[in-house]
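[1] structure here, sequence nowhere to be found:
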């Protein structure tokens, strides 16, 4: 913990601690150059000693610093000073939505719609810049006294996900808002943020979470398997049009969700209009199960049916054989023995089916196509590769290029268009510009 008065990078003077977390401490500081108050987040623990994370964090935070929107906290500066890795942000006087929910419980319907319009508007700006937050939750949203909401922690959330860091406190806090495809290992895109927005909207309207459990795995399985509870059963005063926004945002199958955050924003603008009072409950256009979960459930059902048929046929066969060999009279004890033996045999068959069919489905490593990222910046290319389900080599290789501008990506290894296993390491090549040779007279 920093001492009051400490100077960071000979510019930011620490005034007081304003927040603590498992990943970072947040201080109120004075920017002595521009003479303004700022919030400075100092990374702690394993984050501050993880080289992979730190490089990605700096790239992503610098990329997020290009986002300027009334509902996104501005990032001013990113750097390191005497082992302190920091990010300087706009200082917002207010409280997190999590704190507001703890104080008040369920908010009014008009308050929730207003908050959600602001959030979807802000995220639309980020998504249009190809930035996915990945950790939308009430702890990462600040509301000011005038009702303005601000989304924070863009660069930090992306870098943590990209570096595959795991912390019990941060993971447990995030699984409550985690889209099913994240748990299934599918690629993460803007629709994952949309799902989290739907869960947040449910919590704001009811004062509680739709899925709870005593462990992260338990909560994740509910996200995958259980339909989201009805907010109208909890509070009948909530219009069906409002519940429909949650149903559409929180669909298990991404194809049933809003295609863009802007689409959700436009829906929220009219959600309380009179002409939508008698709106029908939203019906999913596609079977609403996460694809991998659907395949697994179908395979289990198939094997269960085969098991039942096999058990029935085996019992009949054994009884028939015994009757033929032992004559017309069969004792009850013999019948029991035959049934027990048949059950054991059926159980062994089920075990074999489990080992050779179910386990491979669960642990099957899916394949992905390497996307073409040539001509992009390194940050954009890295983000696109990660969203496609690939891992990115930390070190970027520089090379000369006659066609691609300096600082942009020339190619990758494996090359674009190749089909590889998920999480394959990809090397990014960055252009140094054209090779110039000076010839002395």
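    That came through fine. Keep in mind that what you see is a predicted model, and the values were worked out from it rather than measured.

[2] all helices in the stretch 101-250 of the chain, in order from the N-terminus.
    109-128, 154-163, 168-175, 180-184, 190-206, 216-225, 231-234, 240-249 (DSSP state H, counting those that start in this stretch).

[3] adding mean pLDDT, write these out as JSON lines.
    JSON lines is the format used below for those (pLDDT from 0 to 100):
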{"stretch": "helix 109-128", "mean pLDDT": "96"}
{"stretch": "helix 154-163", "mean pLDDT": "52"}
{"stretch": "helix 168-175", "mean pLDDT": "52"}
{"stretch": "helix 180-184", "mean pLDDT": "76"}
{"stretch": "helix 190-206", "mean pLDDT": "96"}
{"stretch": "helix 216-225", "mean pLDDT": "89"}
{"stretch": "helix 231-234", "mean pLDDT": "96"}
{"stretch": "helix 240-249", "mean pLDDT": "97"}
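
[4] pLDDT at residue 272, what is it?
    Looking at residue 272, its pLDDT stands at 96.

[5] in a strand, it, correct?
    No: with DSSP: H, G, I helix; E, B strand; the rest coil as the criterion, residue 272 is located in coil rather than a strand.

[6] ok, it touching residue 109?
    Yes: contact criterion C-beta atoms under 8 Å: residue 272 and residue 109 qualify, at 7.4 Å. C-beta coordinates here come from the backbone N, C-alpha and C atoms, glycine included.

[7] out of the helices of the stretch 101-250 of the chain, nearest to residue 413?
    Shortest distance between residue 413 and the helices of the stretch 101-250 of the chain, using C-beta to C-beta, is found for helix 154-163: 18.8 Å.

[8] returning to that earlier point: which of residue 272 and residue 109 has more neighbours?
    For residue 272 versus residue 109, the count of surrounding residues by other C-beta atoms under 10 Å is larger for residue 109: 18 against 14.

[9] identify the contacts common to residue 272 and residue 109.
    Common neighbours of residue 272 and residue 109 (criterion: C-beta atoms under 8 Å, 6 or more residues apart in numbering): 239, 242.

[10] so can I have JSON lines of the helices of the stretch 101-250 of the chain showing distance to residue 43?
    Formatted as JSON lines, the helices of the stretch 101-250 of the chain follow (distance: least, C-beta to C-beta, whole Å):
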{"stretch": "helix 109-128", "distance to residue 43": "22"}
{"stretch": "helix 154-163", "distance to residue 43": "8"}
{"stretch": "helix 168-175", "distance to residue 43": "13"}
{"stretch": "helix 180-184", "distance to residue 43": "23"}
{"stretch": "helix 190-206", "distance to residue 43": "23"}
{"stretch": "helix 216-225", "distance to residue 43": "23"}
{"stretch": "helix 231-234", "distance to residue 43": "37"}
{"stretch": "helix 240-249", "distance to residue 43": "32"}
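
[11] closest to residue 395 out of the ones you listed?
    Comparing those by C-beta to C-beta, helix 154-163 comes nearest, at 14.5 Å.

[12] so the protein: which segments form each domain?
    7-90, 94-286, 292-363, 367-431 (automatic domain parsing).

[13] and the strands in the stretch 251-400 of the chain?
    Taking DSSP state E, counting those that start in this stretch as the criterion, the stretch 251-400 of the chain contains strands spanning 367-369, 391-392, 397-399.

[14] can you lay out these as TSV showing mean neighbour count and mean pLDDT?
    Compiled in TSV, the strands of the stretch 251-400 of the chain are given as follows (neighbours: other C-beta atoms under 10 Å; pLDDT from 0 to 100):
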stretch	mean neighbour count	mean pLDDT
strand 367-369	14	86
strand 391-392	18	84
strand 397-399	12	86
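
[15] switch these over to TSV, and while doing so, append distance to residue 249 to every line.
    Formatted as TSV, these follow (distance: least, C-beta to C-beta, whole Å):
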stretch	distance to residue 249
strand 367-369	26
strand 391-392	29
strand 397-399	41
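
[16] out of those strands, flag the one nearest residue 382.
    strand 391-392 (5.0 Å).

[17] center of the chain - which residue?
    Centroid-nearest residue in the chain, with C-alpha atoms, centre = their mean: residue 134, separated by 4.6 Å.
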